[in-house]
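S.K.: 3D model of this:
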Amino acid sequence: MVVEYANYLADRGHNVSLWYNIINTVFKIHPLINLTKIPLPTKLGTVIHSLENSFHSDALIVDIIPLASLLSIRNRSRLVYFAQGFDESYHTNRIQKLLTKILYFFSLSIMKIRGIAVSNQLASMLREKYNARITVVENGIDLSNFYHDPDDELILSKDDRKSVLVLSRNDHAKGVDIAVDVINKMSNDLKKNIEVWICGEILDNQIRKVKVKNFGWLGIEKLRKLLSSADVFFYPTRREGLPLMPLEAMACGCPVVTTRAVSYVRDGDNALVGEIDETGNLNEKLEIMLRDDLTRENLQKNGFKTAAKFDLEKSREAFEKAIVDCLKAYADPSSEGKKNVSSG
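M.R.: Numbering: from 1, shown residues only. As a prediction, this is how the structure comes out:
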């Protein structure tokens with residue numbers, strides 16, 4: 001979403017600078033965006049760089065709370081925190097969690113920086129915990145890129161097996177470890193009739209007695225084909241802002257099994273929804289999806305309707321307006337017209 005919004009702002013005539021440590025994305029970056037590499041490596045290098053340097057843009061947009069905390073000291077009146085998730089959930093270590101809580105409290109409760117959250121659920125949590133001043137701009141997907149477009153070769157390659165698509169990402173919050181555990185605990189008769197498709201980081205020898213295909217990280221066209229050809233998208237996430245991939249799956253006609261961490265799903269309506277970290281419950285949901293053709297058909301129909309509500313074009317427009325509103329809320333009514341925007 002950072003790239004999507006930065007591209008849109010550049011298209012709108014804003015002068016956009018993207019500060020980065022590492023760029024590792026399949027998404028195209030607008031040629032008019034000023035790409036500036038942070039000279040110090042690692043996340044710590046990014047933090048040190050933010051302390052040592054002054055930024056002269058009209059708006060500074062950051063999407064992790066440590067940077068928001070540090071930049072708020074010298075740049076509060078032009079800082080916008082883009083909350084795509086709850087940073088505390090990214091850590092399992094208690095000390096890291098405590099430090100993250102302190103940074104949230106400092107940024108949102110003491111410095112009172114303004115922010116944009118990607119879902120009402122996330123915004124409500126930040127308001128409740130930290131009295132945050134947060135505007136909601138829900139994420140959207142590009143419906144011109146994600147639609148039902150099955151690949152004949154992929155479908156034929158299944159040999160009448162059903163395919164379970166899993167996102168593999170080195171992020172505890174995304175729950176790939178849960179996906180592996182659930183699939184390994186499936187009944188043997190069902191294992192014989194499925195294959196697991198892995199999108200993202202390769203999983204070697206972790207899933208047992210099931211045919212596994214690793215597709216790696218995919219561009220939009222190949223991802224659309226994969227989602228359109230899979231029978232189920234299994235996404236046992238622990239914590240989310242507003243995830244895009246379940247919406248992309250719905251738009252491509254792939255029924256979804258996920259958890260209550262996803263704000264827009266309703267069990268039995270547009271997805272099968274299990275409890276967070278409950279492998280037994282998620283196993284039951286996944287087996288129902290794989291065995292019941294009627295359930296998949298009904299969820300597919302309602303999934304199309306859900307995806308249509310999250311249009312990226314509307315999100316882009318709302319994001320630009322939210323930035324302007326955040327800056328005005330810092331009691332700076334003189335800042336009118338188009339602004340120079342930095343994103344980090």
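
S.K.: any weak-confidence spans in the stretch 51-200 of the chain?
M.R.: 52-54, 89-91 (pLDDT under 70).

S.K.: quick one: the strands in it?
M.R.: 59-62, 79-83, 114-117, 133-136, 162-168, 194-200 (DSSP state E, counting those that start in this stretch).

S.K.: so what's the gap between the first one and the chain middle?
M.R.: The chain centroid and the centroid of strand 59-62 are separated by 19 Å under C-alpha atoms, centre = their mean, to the nearest Å.

S.K.: who does it touch, helix- and strand-wise?
M.R.: Secondary-structure packing of strand 59-62 (3 or more C-beta pairs under 8 Å, 6 or more residues apart in numbering; DSSP states H and E): helix 65-75, strand 79-83, helix 312-329, strand 341-343. (Glycine included, C-beta is placed from N, CA and C.)

S.K.: assign the residue positioned nearest the centre of the chain to helix, strand or coil.
M.R.: Central residue of the chain (C-alpha atoms, centre = their mean): residue 243, 4.0 Å from the mean position. Here residue 243 takes the coil state, with states given by DSSP: H, G, I helix; E, B strand; the rest coil.

S.K.: list the contacts for it?
M.R.: Residues counted as contacts of residue 243 (C-beta atoms under 8 Å, 6 or more residues apart in numbering) are 139, 235, 237, 262.

S.K.: thinking again about what came up before, so can I have TSV of the strands of the stretch 51-200 of the chain showing mean neighbour count and distance to residue 256?
M.R.: Formatted as TSV, the strands of the stretch 51-200 of the chain follow (neighbours: other C-beta atoms under 10 Å; distance: least, C-beta to C-beta, whole Å):
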stretch	mean neighbour count	distance to residue 256
strand 59-62	25	30
strand 79-83	25	24
strand 114-117	25	22
strand 133-136	19	23
strand 162-168	22	10
strand 194-200	21	14
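
S.K.: tell me which of those sits nearest to residue 72.
M.R.: With C-beta to C-beta as the criterion, residue 72 lies closest to strand 79-83 of these, at 5.6 Å.

S.K.: for the closest one, packing partners?
M.R.: Using 3+ C-beta pairs under 8 Å, 6+ apart: strand 79-83 touches strand 59-62, helix 65-75, strand 114-117, helix 120-130, helix 312-329.

S.K.: quote the end-to-end distance of stretch 224-234.
M.R.: With C-alpha to C-alpha, to the nearest Å as the measure, stretch 224-234 spans 16 Å from end to end.

S.K.: quick check: mean pLDDT across that stretch?
M.R.: Mean pLDDT, computed over stretch 224-234, is 98.

S.K.: ok, residues contacting it?
M.R.: Outside stretch 224-234, the residues that touch it by C-beta under 8 Å, 6+ apart are 145-151, 154-155, 162-166, 179, 182-183, 197, 199, 215, 218, 245-246, 248-249, 252-258, 286, 289-290, 296.

S.K.: filter the residues you listed down to the buried ones and hand me the ChimeraX line.
M.R.: Filtering the contacts of stretch 224-234 down to the buried ones (16 or more other C-beta atoms under 10 Å) takes a single ChimeraX command:
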select :146,147,150,154,162,163,164,165,166,179,182,183,197,199,215,245,246,248,249,252,253,254,255,256,257,258,286,289,290,296
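
S.K.: and the contacts of residue 243 as JSON lines, adding secondary structure, neighbour count and distance to residue 116?
M.R.: Below are those laid out as JSON lines (DSSP: H, G, I helix; E, B strand; the rest coil; neighbours: other C-beta atoms under 10 Å; distance: C-beta to C-beta, whole Å):
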{"residue": "139", "secondary structure": "coil", "neighbour count": "20", "distance to residue 116": "11"}
{"residue": "235", "secondary structure": "strand", "neighbour count": "26", "distance to residue 116": "24"}
{"residue": "237", "secondary structure": "coil", "neighbour count": "23", "distance to residue 116": "21"}
{"residue": "262", "secondary structure": "coil", "neighbour count": "22", "distance to residue 116": "19"}
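
S.K.: return the member of those nearest to residue 31.
M.R.: Checking the contacts of residue 243 against residue 31 with C-beta to C-beta, the nearest one is residue 139 at 24.3 Å.

S.K.: now do the same contact list for that closest one.
M.R.: 1, 84, 118-119, 241-244, 247, 310, 315.

S.K.: please consider this matter closed, and thank you.
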